[in-house]
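> got a sequence here, can you build the structure:
(chains A and B)
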Amino acid sequence: MAAAKGLMARKEQRAAYLFLSPWLIGLAVFWIVPIIASFALSLTEYNIITSPHFVGLENYRDMLQDRTFWVSIRVTLKFMVLSVPLYLVCGLLLSLLLNLKVRGINLFRTIFFLPAVLSGVAVAVLWVALLNPDVGAVNTILRSLGMDDPPRWLDSPTWAVPSVVLVGLWGIGGGAIIYLSGLQNISGQLYEAALLDGAGPWQRFRYVTLPMLTPTLLFVLITGLIDAFQVFDLAYVLSRGGTQGIGDSLQFYLINLWNEAFVNGRYGYASALSWVLVLAAAAVILVIFRTSGRWVYYEYDPERGR
Amino acid sequence: MRTVEAPERIEAPPEIEPQPKVTRYRARRISYKVLMYILLLGLCGFILLPVGWMFTAALKPDLEPVFTPTPEWFPTTFWEWGNFHRVLTESMPFLRYMINSTIIVVACIIGELIACSLVGFAFARLRFRGSKVLFYILIVTMLIPWQALMIPQFLLFVKLGWYGTYLPIIVPSFTGTAFFIFLMRQYMRTIPKDLDDAARVDGLNTWQIFWRIILPLSTPVLTVCAVFTFLWNWNDLLRPLIYLDSDEKFTVAMGLANLVTRADTPWNLTMAANLVSILPCVIVYFFVQKKLIGGIASVGLKG
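Below is the predicted model:
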């Protein structure tokens, strides 16, 4: 009997690895090998035409002295600081609004989620026109509201990053979907119990909704922080291919990385930039997870015994 | 879809409550509702007016300015439908771009569905050594931006001679995407384990359990994965930008990005091209939105 069980388990194990094989192959070929190759390349000077030339840590040293690198860090951090809290709060508020039980709410949901399915390029193309400082609709409205000197948006070094944040706000519905699913998973009994205890709307939000939503908030926070490193499409289109006019103001981290590799052909240096990106993402994830125990509330899940 | 509509539950029977209090209560509830509708409608304007402006601009004839002293949010005077035709075939090859994007998207959907359902099944329902470690690795690859690996991947594909083809975009999808594998696993875990046991008693092997029992029950999550694969690949700019080198292979996203990069493109045609490019996404969205939102909700986010 025990032997038969062992045989079954071995068979199941073999089957499992067969089922996993597409992913395991992908993991090896598209993750593990590239990670190692990327580190090796980051220690070389490589332009794809001549063979790699070992330079030690020079690429990393160059990075510290590269003005564009620091600009890209500053732009990325600026975007992060502006976008993460704003999207977190606005997404939450929107999802509370969309969770109301009023007539026609499904139509409203459909409309709000719509921009989230559109490509970054399409959205950027539209907003390039709307944010045109001289003739665009946004400034036309601002002028008619009596603002004589509205921001020059993408043409202004100060307003370029806030413009990207604003354009992202248009697609906030995508984040609200995630909150909404979190809200709908909160048991109605909790609200009933709170009502019986005489809790008002604010107290119900503060002591029921918010704690129950913390796992969702954790997810949104992490993806929001990592997304800041990944801003590309919007910045690429809004800065007309990373080249035009506004110079450095939309030099996001990934734009710089893309430029160094695929425009300047400095694959070794760009690999070093890639490694810094991996480390930065890993650091963000680690810090957030380490501190999350203090504010994330997990419901008891009998299956996991937690 | 459970939420508690608080005021309705504590509404007291009218004959007991003194009359004026009930009216005041009702008035407050109505004004609250009106306020919510005003908010919802205002936000709808923020979402829809830009789309309306785009539509208006796309329908203007060449000599009519798209930027007007007061923004025109809805088409009223000009209905130049020919612009769409010009964008698709005559002055721009957007039909070609759309066919290219469709080829990529269909191939990627096939790849993702095969790979992610297999791998998700293994993580959800099979016991094997190292399952915990492998699952952690899965989560890590979900969080690390793939762009950090795009350079070695690019060099690999160049070595393989795949530069300038769709293979670097399509082939990785046949090894699955961490996020979709995660969704599949979460969903398949909710299917009762008794089904497997009963099937094993009936003599079905692991493959048959997957193919005949679990997969047919997983259509909601398969739909969600297919739709996300469609949207992500249709909308992806970075990979086509890196790997494709000739205009007849370009995707919709690339074609659009190029329009803005070239300063001389007329705005009416740019907006027409933009509308044409988003139309498939909007159509797919309208067809599956219930499943999409429900699918995310059913999967949940708890590990």
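
> rest of the way, CA atoms for contacts and neighbours
Noted.

> which positions in the stretch 51-200 of chain A make contact with chain B?
Contacts of the stretch 51-200 of chain A with chain B, taken as CA under 8 Å from any CA of the partner chain, map to A:97, A:99, A:101-102, A:108, A:110-112, A:114-115, A:117-122, A:125-126, A:130, A:135-137, A:140-141, A:170, A:177-178, A:180-182, A:184-185, A:187-188, A:191-192, A:195.

> roughly how far is the lowest-mean-pLDDT helix or strand in chain A from the heart of the chain?
Among the helices and strands of chain A, helix A:173-184 carries the lowest confidence by mean pLDDT, DSSP states H and E, at a mean of 82. Centroid separation for helix A:173-184 versus its chain: 16 Å, with CA atoms, centre = their mean, to the nearest Å.

> what are the buried residues along the helix or strand just after that helix?
Following helix A:173-184 in sequence order, the next helix or strand is helix A:188-196 (DSSP states H and E). Within helix A:188-196, the residues that count as buried by 16 or more other CA atoms under 10 Å in any protein chain shown are A:190-192, A:194-195.

> ok, for residue 248, nearest residue in space, not its chain neighbours?
Chain wasn't specified; assuming chain A. For residue A:248, ignoring the flanking residues on the chain, the nearest one in space by CA to CA, 6 or more residues apart in numbering or on different chains is residue A:71 at 7.1 Å.

> chain B, not that one
Closest to residue B:248 by CA to CA, 6+ apart is residue B:96, at 7.0 Å.

> quick one: contacts for that neighbour?
Counting by CA atoms under 8 Å, 6 or more residues apart in numbering or on different chains, residue B:96 makes contact with B:88-89, B:248.

> and the residues you listed, which is closest to chain A?
Chain A lies nearest to residue B:88 out of these, by CA to the nearest CA, at 16.0 Å.

> that closest one against residue B:94, yeah?
Yes: under the criterion of CA atoms under 8 Å, residue B:88 makes contact with residue B:94 at 4.5 Å.

> picking up where we left off before, and the residue nearest to residue B:248, how far is that from residue A:121?
18 Å (CA to CA, to the nearest Å).

> quick revisit: okay, residue B:88 and residue B:94: which has more neighbours?
residue B:94 (25 against 20; other CA atoms under 10 Å in any protein chain shown).

> show me what contacts the more buried one?
Contacts for residue B:94 (CA under 8 Å, 6+ apart) come out as B:87-88, B:252, B:255, B:273.

> leaving out sequence neighbours, find the closest residue to residue B:195.
residue B:213 (7.9 Å).

> now do the same for that neighbour: its pLDDT.
On the pLDDT scale, residue B:213 is placed at 91.

> same question, residue B:87
85.

> what's the neighbour count on it?
There are 21 residues near residue B:87, going by other CA under 10 Å.

> just to revisit the earlier point, next, the residue nearest to residue B:248: secondary structure please.
Under DSSP: H, G, I helix; E, B strand; the rest coil, residue B:96 falls in the helix class.

> do the same with the one 5 residues further on
For residue B:101, the reduced secondary structure class is helix; criterion used: three-state DSSP.

> pretty sure it contacts residue B:252?
Yes: taking contacts as CA under 8 Å, residue B:101 lies within contact range of residue B:252: 6.2 Å.

> who has more neighbours, the two?
Legend: neighbour count by other CA under 10 Å for residue B:101 and residue B:252, higher for residue B:252 (32 against 24).

> wait, doesn't that one sit right on residue B:240?
No: the criterion here is CA under 8 Å, and residue B:252 misses it with residue B:240 at 9.7 Å.

> sorry, back to before: buried ones from the residues of the stretch 51-200 of chain A next to chain B, can you make that a PyMOL selection?
Buried subset of those, written as a PyMOL selection, criterion 16+ other CA under 10 Å:
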select buried, chain A and resi 97+99+108+110+111+112+114+115+117+118+119+120+121+122+125+126+130+135+136+137+140+170+177+178+180+181+182+184+185+187+191+192+195
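
> poorly predicted segments of the chain, please.
Here I'm looking at chain A. Within chain A, the stretches with pLDDT under 70 are A:1-4, A:240-247, A:299-306.

> look at chain B instead
Residues of chain B that meet the criterion pLDDT under 70 lie in B:1-22, B:263, B:293-303.

> domain map for it?
Per automatic domain parsing, the domain ranges recorded for chain B read B:21-80, B:86-298.

> does chain A sit close to the first one?
When you say that, I think you mean domain B:21-80. Yes: using CA under 8 Å from any CA, domain B:21-80 comes into contact with chain A via B:33, B:36, B:40, B:44, B:46-48, B:50, B:54, B:67-71.
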